[in-house]
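Enquirer: Model the following, please.
(4 chains)
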2 protein chains.
Amino acid sequence: MPRAPTTLDPFNAVAEPKRRRVLETLVHGEMPVNGLVHTLGWPQPMISKHLSVLKEVGLVAVRQKGRQRLYRINGHRLKSIHDWAKMFERFWTHQLDRIKERAERKAREQLEKTQKKGESL
Amino acid sequence: MPRAPTTLDPFNAVAEPKRRRVLETLVHGEMPVNGLVHTLGWPQPMISKHLSVLKEVGLVAVRQKGRQRLYRINGHRLKSIHDWAKMFERFWTHQLDRIKERAERKAREQLEKTQKKGESL
DNA sequence: TTGACGTATTCCCATATCGGAATATACTTT
DNA sequence: AAAGTATATTCCGATATGGGAATACGTCAA
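Expert: Modelled structure (predicted):
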């Protein structure tokens, strides 16, 4: 079984580097497909296909303008990724806590070694 | 070509729901493999394999304690995900800006319709 | 050393996924 | 209506990937 067909999962959609580039390109505002084609320099069907995935997952929204389709970021879903990652915030902020935790771990490791030596004597 | 072999990419590693569960389980502190096996109820080789990917990508770190291996979160890499998502922050915060943007888009759409009607007359 | 325990690795299969090329669809202009 | 422009879809082949089962590896205890 490969990765489950999670085309409903924003995390999965964003796992593809090219899809991230598309989103990054849209960060400045809505843009038609050809805008992306010219900005990124990829074949048009490739752009359309990636946009299709992003749309299905809800990471982008579209509106029609004549024969163009203007795509734009849909913040809602991107927030869910941000929120998930935020769950681990304490592992990179609170520098002091991290140092403390690290020190405690080191101490434990030392203690374990010492005990081991004691046991084997 | 399937998804490029980005086992070096945290985004890709986290695209797998089970791997996310593993990280979520480790959020409370380091834990041996069997701890995860019992907490999550998945076969041990499955846990080990997912941990292996997470380790390779740098999302977790390990230390050995007797015959156990204690895994723990490595915040550094998770921050990179958080930072990336933060890039789109303005799309879900600043409620006022969003409403304003939406209103402007609607206005533009109306204008376009009006112009079209004018043209066809 | 032998056996038990904790964990990692290998082999195999099924399948979702990406890219490329060709083609289809939709809207617009003449 | 016909031609042209903008975008979407389909068909295809190649391949990375996850799960299952069996097995290998490393450490500790007796």
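Enquirer: In chain A, what residue spans correspond to strands?
Expert: A:31-32, A:60-65, A:68-73 (DSSP state E).
Enquirer: what's the first one in contact with?
Expert: I take that to be strand A:31-32. A:25, A:39, A:65, A:68-72 (C-beta atoms under 8 Å, 6 or more residues apart in numbering or on different chains). Bear in mind the C-beta positions are built from the backbone N, C-alpha and C, glycine included.
Enquirer: Compare these and tell me which is most surrounded.
Expert: The most neighbours of any of the contacts of strand A:31-32, using other C-beta atoms under 10 Å in any protein chain shown, belong to A:Y71, which has 24 neighbours.
Enquirer: quick one: pLDDT of A:L70?
Expert: pLDDT, A:L70: 98.
Enquirer: Quote the end-to-end distance of stretch A:57-67.
Expert: Stretch A:57-67 has an end-to-end distance of 24 Å (C-alpha to C-alpha, to the nearest Å).
Enquirer: What average pLDDT does it get?
Expert: On average, stretch A:57-67 scores 96.
Enquirer: Please see if it touches DNA strand D.
Expert: Yes - contact between stretch A:57-67 and DNA strand D, assessed by C-beta under 7 Å from any atom of the strand, occurs at A:62, A:67.
Enquirer: buried sites along that stretch?
Expert: Buried residues in stretch A:57-67, defined by neighbour count with 16 or more other C-beta atoms under 10 Å in any protein chain shown: A:57, A:59-60, A:62.
Enquirer: Return the member of those residues nearest to DNA strand D.
Expert: Nearest to DNA strand D among those, counting by C-beta to the nearest atom of the strand, is A:V62 at 6.3 Å.
Enquirer: For that closest one, give the beta-bridge partners.
Expert: Listed beta-bridge partners, A:V62: A:Y71 (assigned using DSSP bridges).
Enquirer: That one is in contact with A:S52, isn't it?
Expert: No - in terms of C-beta atoms under 8 Å, A:V62 does not count as a neighbour of A:S52; the distance is 10.1 Å.
Enquirer: Much appreciated, bye for now.
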